[in-house]
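Asks: coordinates only, sequence not included:
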């Protein structure tokens, strides 16, 4: 059976593209599969042929020894330089090691203002999530706020606009804040992950560990009176607990980092409330406790 891929109208094409984007499809593919193994073998054959063509005249043994000397850093003290990437080449994905985590901590610690921290994140390429995201989603709201809200990770709308909590979950958060007399001018809103995971999947432990130093430094620079952690990811990462959000929510914890000791309330993420509206009563109880704590810490 042949299926036509031509859209019947602009509306159908837009709906199809929206479906792909929501499903996490952000890279176009070719119509036919590509044999990458055959490609790599062909590239190896071309490189070998090029080396043979460029080899200077002389005995085969002498030429081979010269090749070895050029390629081995132990022979002449200089390793062969890697071929630079052509402009526009995709970023190479890397597996983080101890040095990568240390680099993230050092980069975050070097920022002395919120603006410097944002600039550091925008220039930071150590987390693979950045290579598939459109924008670095840093923060929204008031950098001098008494209440700092930390969510999980950007979604599709946040990735497009470069701001946290601007989709349906963000609209619900705005209504929740309004119910206790708060809005985006009186709070600081951010996430513990700064780039959208493909398909809105849960961030991996490595991704959380690479982003956590920036979130910790952000809290240190803002120095809020109260923290609100929305969802499992920020709660587990910043409170360093293995407890699930349903078992720990609604009870104030203490966020401790160096000389900081800030009351922190774990609560349910608005995206979860959209999927499970019956749990909104729990979120409302958390909001009331949050409002009381803000009043008590004035």
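Replies: Yep, it's here. Predicted model only: the values in this text are computed from it and were never measured.

Asks: middle-most residue in this structure, spatially?
Replies: Residue closest to the mean C-alpha point of the chain, counted by Cα atoms, centre = their mean, is residue 195 at 3.0 Å.

Asks: ok, residue 211 touching residue 193?
Replies: Yes. With contacts counted by Cβ atoms under 8 Å, residue 211 reaches residue 193, the gap being 5.1 Å. (C-beta placed from N, C-alpha, C; glycine too.)

Asks: what do these two both touch?
Replies: When contacts are counted by Cβ atoms under 8 Å, 6 or more residues apart in numbering, residue 211 and residue 193 have residue 203 as shared neighbours.

Asks: which strand runs longest in this structure?
Replies: strand 260-267 (DSSP state E).

Asks: how about that one: buried residues?
Replies: Residues 262-267 are the ones in strand 260-267 that count as buried (16 or more other Cβ atoms under 10 Å).

Asks: now do that strand: everything it contacts.
Replies: Contacts of strand 260-267 (Cβ under 8 Å, 6+ apart): 219-220, 223-230, 235, 238-239, 245, 248-255, 283, 286-287, 289-290, 293, 297.

Asks: would you show me how to pick out the buried ones of those in PyMOL?
Replies: A single PyMOL command selects the buried members of those (16+ other Cβ under 10 Å):
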select buried, resi 219+220+224+226+227+228+229+230+235+238+239+245+248+249+250+253+255+283+286+287+290+293
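
Asks: narrow the contacts of strand 260-267 to those in helices?
Replies: Using DSSP state H, the members of these that fall in helices are 219-220, 235, 238-239, 245, 248, 283, 286-287, 289-290, 293.

Asks: now, the most widely separated pair of those?
Replies: The two members of those with the most space between them (Cβ to Cβ) are 220 and 283, at 27.4 Å.

Asks: how about the helices in the chain?
Replies: Residue ranges of the helices in the chain, as given by DSSP H, are 10-22, 36-54, 60-71, 73-76, 98-109, 114-123, 129-132, 156-161, 168-179, 205-222, 232-239, 245-248, 270-275, 280-296.
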